[in-house]
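Enquirer: Task: produce atomic coordinates for the following.
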Amino acid sequence: MELKKINEYTWEIPKHGDMKVPAIIYASEALLQSVRRDLTLPQAKNVACLRGIQRKAYVMPDAHQGYGFPIGGAVQSQKFMSQKFTDWSNDTEIKKKLRM
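Expert: Okay, the predicted model is just below:
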């Protein structure tokens, strides 16, 4: 996958195809080699295609392959939120556990 180097620790998957925004990856060259071995970068590209995404999709230095969305990824969205996240954030038992 083509990456544009922004600076020593910042890379970009330029917006192309169905991507609504570019994806920004924060990683050293060594970490980037590790991330290239799994599906983190293709997942970041897919996330950048989501309806309602704003500005950019971000991949943090601790990122690794997730289940569709890279673990260590972040986005800003407008009006749209995953139903699973909504269910999770409204779960009283989980909220109690997080306060511990």
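
Enquirer: Would you tell me which strand is longest in this structure?
Expert: strand 53-64 (DSSP state E).

Enquirer: Which neighbours in the sheet does it have, and how are they oriented?
Expert: strand 23-26 (parallel), strand 71-77 (antiparallel) (DSSP bridges).

Enquirer: out of these, deepest packed?
Expert: strand 23-26 (a mean of 22; mean count of other C-beta atoms under 10 Å). Heads up, the C-betas are built off the backbone N, CA and C, glycines and all.

Enquirer: Tabulate the strands paired with strand 53-64 (a markdown table), appending mean pLDDT and distance to residue 45.
Expert: Output for those, formatted as a markdown table (pLDDT from 0 to 100; distance: least, C-beta to C-beta, whole Å):
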| stretch | mean pLDDT | distance to residue 45 |
| --- | --- | --- |
| strand 23-26 | 96 | 6 |
| strand 71-77 | 86 | 11 |
